[in-house]
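Enquirer: here you go, sequence then predicted model.
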Amino acid sequence: DALVMHEDVSELYWTFIGSDYDDKIKDLQIKVNLPNIDTTDKFRVWAHGDMTGEIHAYENKYALATIKKLDAKNAVDIRLTFNPNLLDKSKVTKQTGTNALEEIIKVETERAEEQNEQRAKIKRIYYTLLGLSILYYIALLIAWIYVYIKYDKEYKSNFTNEYNREFI
């Protein structure tokens, strides 16, 4: 019951790693194969989860999602659309009878734009903090040089005699 057959496209939208998963995963790879090669333009792939992950479609036959490091409690789901003729309609229990490809693309485009905005925000924060830390170290170096020049001089006395013979 993972597949949904619409009038214009078939869809797989599945959460492979749930948000209740307690372990960290290093080098996660999820590969989803189609039953046959999809020669139409309906084969599209999207992934949701960690922003450092990537998903690619290969040979119009399968999708491969990769994440180098997935922290605990982070869900990963994949959405595929493909030609409905690749499936036997009698074996698919969920059939909507509506055209859904345009709506799916619209929803996924909005989600991708939100993720891109988040990435841009994170990048701005990162570069702002990097610039501020560089400015901090430059100010620290200038302050150290100033203190060194002003206060690190040997004390010179006005007394030039060899020793003092009289009490003050």
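Expert: Looks like it arrived, so ask away.
Enquirer: enumerate every residue touching the residue most central in space within the chain.
Expert: Nearest to the mean C-alpha position of the chain, by CA atoms, centre = their mean, lies Met51 at 2.1 Å. With contacts taken as CB atoms under 8 Å, 6 or more residues apart in numbering, Met51 has the following neighbours: 115, 118-119, 122. (Each C-beta comes from the backbone N, C-alpha and C, glycine too.)
Enquirer: now render those as a markdown table, adding neighbour count, pLDDT and distance to Leu86.
Expert: Converted to a markdown table, these look like this (neighbours: other CB atoms under 10 Å; pLDDT from 0 to 100; distance: CB to CB, whole Å):
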| residue | neighbour count | pLDDT | distance to Leu86 |
| --- | --- | --- | --- |
| Gln115 | 12 | 91 | 29 |
| Gln118 | 11 | 93 | 34 |
| Arg119 | 12 | 91 | 33 |
| Ile122 | 11 | 94 | 38 |
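Enquirer: would you reformat the residues you listed as TSV and include secondary structure and distance to Lys94?
Expert: Shown next, in TSV, are the contacts of Met51 (DSSP: H, G, I helix; E, B strand; the rest coil; distance: CB to CB, whole Å):
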residue	secondary structure	distance to Lys94
Gln115	helix	27
Gln118	helix	32
Arg119	helix	33
Ile122	helix	37
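Enquirer: leaving out chain neighbours, which residue sits closest to Glu59?
Expert: Ile37 (6.8 Å; CB to CB, 6 or more residues apart in numbering).
Enquirer: tally of neighbours for that neighbour?
Expert: The number of residues packed near Ile37 is 13, by other CB atoms under 10 Å.
Enquirer: for it, grab phi and psi.
Expert: Per-residue torsions, Ile37: phi -70, psi 130 (degrees, to the nearest 10).
Enquirer: now swap in the one 3 residues further on and tell me
Expert: In this entry, Thr40 is assigned phi and psi values of phi -90, psi 180 (degrees, to the nearest 10).
Enquirer: before we move on, back to that, name the SS class of the residue nearest to the centre of the chain, please.
Expert: The three-state assignment at Met51 reads coil, by DSSP: H, G, I helix; E, B strand; the rest coil.
Enquirer: likewise Val32?
Expert: strand.
Enquirer: wait, isn't it in contact with Ile78?
Expert: Yes. With contacts counted by CB atoms under 8 Å, Val32 reaches Ile78, the gap being 6.0 Å.
Enquirer: next, format the contacts of Met51 as CSV and append distance to Tyr148.
Expert: CSV is the format used below for these (distance: CB to CB, whole Å):
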residue, distance to Tyr148
Gln115, 49
Gln118, 45
Arg119, 43
Ile122, 39
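Enquirer: please consider this matter closed, and thank you.
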